[in-house]
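Peer 1: okay, predicted coordinates and the sequence, questions at the end:
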Amino acid sequence: MHKYFGEILKEKRVIITGANRGLGLLMARRFLECGAKVAICCAPHENYENAVANLRALKDIYQVKGFRPNLSNEQDLEFMVQDIVKDWGGVDVLINNAGLYPAKVFAEYPKELFQTVFDVNVTGVFLTSKIVSNVMAKQGKGVILNTSSMSGVDGAMRNIGYTA
């Protein structure tokens with residue numbers, strides 16, 4: 001039993017995007033400590049292997065999977081979610097945590113970079129939530145959490161794509 005959360009998260013099936021480092025990795029660790037099964041996701045050009053290995057090394061009973069979906073590609077996301085459902089029987093929690101923050105002055109910010117940031121930070125949240133919510137609807141329950149940034153309220157210097 002976890003000293004703060006008891007057994008409320010035991011056996012829950014969790015997907016966390018942007019979880020191969022930083023806040024996402026910390027969330028993955030906490031969910032595992034509470035007895036959940038965790039699927040961590042990173043960008044297609046990043047690696048999740050070290051994060052998965054480090055999480056498994058904490059306790060050999062931890063159930064953790066790694067994925068590299070393109071968050072703006074429905075087929076990638078469908079395959080990932082199908083794999084999780086096949087192995088774990090469903091999804092109880094989705095945490096949309098992935099986000100890009102490439103700083104550049106506005107005059108030098110290319111449209112392609114803006115589109116990439118939008119695809120991950122907005123379209124990715126929409127598509128991942130849509131696909132996972134279908135699984136949750138069939139189960140009759142589930143929770144979707146979206147992390148955010150104060151930059152959406154206060155702005156961010158040199159980053160028009162992120163604040164948009």
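Peer 2: Received the coordinates, thanks. What you see is a predicted model; the values in this text were computed from it and never measured. Numbering: from 1, shown residues only.

Peer 1: quick one: contacts for Ala43?
Peer 2: Arg68, Leu71, Ala98, Val120 (C-beta atoms under 8 Å, 6 or more residues apart in numbering). Yep, even glycine has a C-beta here, placed from its N, CA and C like the rest.

Peer 1: can you give me phi and psi for the first one?
Peer 2: Summarising the backbone geometry of Arg68 under the convention degrees, to the nearest 10, its torsions are phi -130, psi 60.

Peer 1: and the most centrally placed residue in the chain, how far from Lys59?
Peer 2: Among the residues of the chain, the one closest to the centroid is Thr17, at 1.2 Å (C-alpha atoms, centre = their mean). Distance of Thr17 to Lys59, computed by C-beta to C-beta, to the nearest Å: 23 Å.

Peer 1: now stretch 101-114: average pLDDT?
Peer 2: For stretch 101-114, the mean pLDDT works out to 88.

Peer 1: please apply the same query to stretch 57-73.
Peer 2: 94.

Peer 1: name the residues of that stretch that are buried.
Peer 2: By neighbour count on 16 or more other C-beta atoms under 10 Å, the buried set for stretch 57-73 is Tyr62, Gln63, Val64, Lys65, Gly66, Phe67, Arg68, Pro69, Asn70, Leu71, Ser72.

Peer 1: again with stretch 115-122
Peer 2: Val117, Phe118, Asp119, Val120, Asn121.

Peer 1: filter these down to just the ones in helices.
Peer 2: Val117, Phe118 (DSSP state H).

Peer 1: among the buried residues of stretch 115-122, which one sits closest to Ile40?
Peer 2: Val120 (15.7 Å; C-beta to C-beta).
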